[in-house]
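K.L.:
Dropping the sequence and predicted coords here.
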Amino acid sequence: MIRSIKTVAIIGGGPSGCSLATLLKRKGYTVAVFYLEKRPEIIVGESLVPAIIPFLRELGVEEEVKSYSTYKPGASVWVNKDEEATSPFSFGGGGLPPYAYNVPRTKFDKTIFDLAVREGVTFFNQVARLEMVGNTDEIKLSDETIQSINNFFNGQPDLIVDASGRSRTVSRLLDIPTKEGYRKDIALFAHLSGAEKIEPFNIHLHRLEKGWTWRIPLPGRISVGVVIDPAHLKEYGTTKEEQYDNYLKADETLVKFTRNAKRETGVMQYNNYQLISQKMYGKNWILTGDAGGFLDPIFSSGLFLAIKGSFAAAEAITAGTEKAFKKYQDFQLYELSIWQKLVDTWYSGSLFTLFKVGQEQMNSAIGRFIGPHMQRHLTRIFSGEAVYKSYSRRFLNFVLGPMIRWMKVGRLHNRTISDLEIK
Ligand SMILES: Cc1cc2nc3c(=O)[nH]c(=O)nc-3n(C[C@H](O)[C@H](O)[C@H](O)COP(=O)(O)OP(=O)(O)OC[C@H]3O[C@@H](n4cnc5c(N)ncnc54)[C@H](O)[C@@H]3O)c2cc1C
């Protein structure tokens, strides 16, 4: 590990790259970001969690984000088309603000990008070509890249940050081992006008006959995404547009909310979005944001983890020691693994079962006693706090693990847990 880091090249001008660039520039580093101007018409990742708000405040952009977003007071989960369980963030208690925002992503990304420009970060609108140094763990910018930026770093930068998102530039170059999620779903999404209104502006997550869907209320539009096994998707057409439009017309729940809707954008498709690099730093590089690891999006954790991770990376870079980089890596891997466990409770059906039990027991003595406690800790999954409070973690581990298994044995109103799995 290079101990004295003064110059940093960041690959990728998305939220993680630009927030890290800002933090490093504020500390006096020479920083340049390589970015690509061409972005898709709409970008996925539009629902924030309350846990991101303190980071937006520290960056100094919350007011700007608020100006073009909808105010998100909670999350609503639908076990089926008629059963909704709502978790206002205020039920979570703890130390987080009781709200987040739903953000048009192109505007959000521009906010974080413009902040870095204002802070004096240098930007190069081009792909950075990277090469391995011999057969080692060290990497460098190619000679042509160095030339094309007029030798900005006076040779090679001291550190290269991979913030290139799912392109995973450094992991692919170095062939770093990865851990994949066990599901291989596809996500299709678009923006709709005329879909059923959502008020207040909670994110809505629905369990469907096949897969699940999100509805995110943005100003004037609703973002609707469907997450589904590719084997099912084939039944609805051959192009992604056909598959998306036909699935919206075929599933009873989707019909209910989108029957009068018009699709206002193209359909975006995302495959293989659960992947975690098992190594997050090397001799002169570090991974941050999705370039290090990304999870299934069910709990809207992506941008929070990307920006939180850039704060943690800035801390490791400032310390500049092997110990600090190792601590960064260990925590990133730990954090992603805990989030992954929560994601699994969505697909196994445990979370839905718990919601159902909660609703059914609401008026019993035990329900009245344990209900608020349960609601607080379940809400923390949606606020982003559950992973970081050891009591919440232990409590959720118990209720979503052994307790649900015990109920499964006793059968719940003639339903087994498997009835509630995401198929
Ligand atoms: C289906 C789906 C739904 C999601 N929903 C949510 C949600 O509701 N809420 C949420 O918080 N998160 C969500 N996410 C996750 C979220 O989108 C990501 O976690 C977030 O965008 C990560 O930010 P990033 O800066 O690490 O990467 P990105 O946003 O991907 O930015 C990386 C940037 O690097 C650029 N780049 C790539 N290669 C190069 C190169 N060689 N040179 C220069 N530039 C390069 C890219 O063009 C891009 O601009 C979702 C993800 C998926 C797949």
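P.N.:
Perfect, I can see it now.
K.L.:
neighbours around K327, how many?
P.N.:
15 (other C-beta atoms under 10 Å). Where you see a C-beta, it was placed from the backbone N, CA and C, and this is true even at glycine.
K.L.:
does it sit in a helix or strand, and which one?
P.N.:
helix 322-348 (DSSP states H and E).
K.L.:
next structured bit after that helix?
P.N.:
helix 350-361.
K.L.:
which residues touch the residue of the stretch 51-200 of the chain found nearest the ligand?
P.N.:
Per C-beta to the nearest ligand atom, G165 is where the stretch 51-200 of the chain lies closest to the ligand, at 2.3 Å. G165 is in contact with G12, G14, S16, G289, D290, A291, counting by C-beta atoms under 8 Å, 6 or more residues apart in numbering.
K.L.:
Which residues are in contact with I176?
P.N.:
V170, S277, Q278, K279.
K.L.:
Enumerate every residue touching the residue most central in space within the chain.
P.N.:
Centroid-nearest residue in the chain: G302, 1.5 Å away (criterion: C-alpha atoms, centre = their mean). Residues near G302 by C-beta under 8 Å, 6+ apart: G45, D290, F294, L295.
K.L.:
Look at E242 and say how many residues are nearby.
P.N.:
12.
K.L.:
With D229 instead?
P.N.:
15.
K.L.:
Not counting its neighbours along the chain, what's nearest it?
P.N.:
D185 (5.8 Å; C-beta to C-beta, 6 or more residues apart in numbering).
K.L.:
Kindly report the same for G74.
P.N.:
P88 (3.9 Å).
K.L.:
Wait, the one you found touches T379, no?
P.N.:
Yes: with contact defined as C-beta atoms under 8 Å, P88 counts as touching T379 (7.4 Å).
K.L.:
quick one: common contacting residues for the two?
P.N.:
G74.
K.L.:
of those two, who's got more company?
P.N.:
Neighbour count, other C-beta under 10 Å: between P88 and T379, T379 has more, with 25 against 18.
K.L.:
Need the residue in the chain that's farthest from the chain's center.
P.N.:
Distance-from-mean max, the chain, by C-alpha atoms, centre = their mean: A365 at 38.0 Å.
K.L.:
Assign I422 to helix, strand or coil.
P.N.:
What DSSP: H, G, I helix; E, B strand; the rest coil gives for I422 is coil.
K.L.:
May I ask you to confirm that it is in contact with R207?
P.N.:
Yes: at 6.4 Å, I422 counts as touching R207 under the criterion of C-beta under 8 Å.
K.L.:
count of residues packed around the closest residue in space to the residue of the stretch 51-200 of the chain closest to the ligand that isn't next to it in sequence?
P.N.:
Using C-beta to C-beta, 6+ apart and skipping the chain neighbours, the partner closest in space to G165 is D290 (4.3 Å). Residues near D290, counting by other C-beta under 10 Å, number 27.
K.L.:
For D290, report the pLDDT, please.
P.N.:
If you check D290, the pLDDT there is 97.
K.L.:
and if you look at I2?
P.N.:
On the pLDDT scale, I2 gets 54.
K.L.:
separation between L254 and L248?
P.N.:
Remark: distance between L254 and L248 (C-beta to C-beta, to the nearest Å) = 5 Å.
K.L.:
Find the residues that touch each one of these two.
P.N.:
Common neighbours of L254 and L248 (C-beta under 8 Å, 6+ apart) are V224, V226.
K.L.:
could you say which helix or strand contains L192?
P.N.:
strand 186-193.
K.L.:
Give me the buried stretch members for the helix or strand just after that strand, please.
P.N.:
Moving toward the C-terminus from strand 186-193, the next helix or strand (DSSP H and E) is strand 203-207. Neighbour-count burial for strand 203-207 flags I203, H204, L205, H206, R207 (criterion: 16 or more other C-beta atoms under 10 Å).
K.L.:
I figured the third one was touching W78, is that so?
P.N.:
To tie it back to what came earlier, the one meant is L205. Yes: at 6.9 Å, L205 counts as touching W78 under the criterion of C-beta under 8 Å.
K.L.:
quick one on the thing from earlier: run through the contacts of G165 and flag the ones next to the ligand.
P.N.:
The subset of the contacts of G165 within reach of the ligand, by C-beta under 6 Å from any ligand atom, is G12, G14, S16, G289, D290.
K.L.:
got the residues of this structure near the ligand?
P.N.:
Near the ligand, when you scan the chain using C-beta under 6 Å from any ligand atom, you find 11-17, 34-36, 44-48, 127-128, 163-167, 169, 187, 270, 273, 289-290, 294, 297, 300, 302-304, 306.
K.L.:
are any of the residues you listed buried, and which?
P.N.:
11-17, 34-35, 44-48, 128, 163-165, 167, 169, 187, 270, 273, 289-290, 294, 297, 300, 302-304, 306.
K.L.:
So which of these sit within strands?
P.N.:
With DSSP state E as the criterion, strands contain I11, F34, Y35, A187, Y270, F294 from among those.
K.L.:
Per-residue pLDDT of whatever residue of the stretch 1-150 of the chain ends up closest to the ligand, please?
P.N.:
Nearest residue of the stretch 1-150 of the chain to the ligand: G14, at 2.1 Å (C-beta to the nearest ligand atom). Predicted confidence (pLDDT) for G14: 97.
K.L.:
That one contacts F294, correct?
P.N.:
No: the pair G14 / F294 is not scored as a contact, 11.9 Å apart, by C-beta under 8 Å.
K.L.:
who's in contact with the residue nearest to G165?
P.N.:
G14, S16, G165, R166, R168, G302, A306.
K.L.:
Show me where the stretch 101-250 of the chain has its helices.
P.N.:
Assignment of helices within the stretch 101-250 of the chain using DSSP state H, counting those that start in this stretch yields the ranges 105-118, 143-148, 169-174, 230-233, 240-250.
K.L.:
Need those in CSV (columns: distance to Y334 and mean pLDDT).
P.N.:
Output for the helices of the stretch 101-250 of the chain, formatted as CSV (distance: least, C-beta to C-beta, whole Å; pLDDT from 0 to 100):
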stretch, distance to Y334, mean pLDDT
helix 105-118, 26, 98
helix 143-148, 34, 97
helix 169-174, 19, 96
helix 230-233, 31, 93
helix 240-250, 36, 97
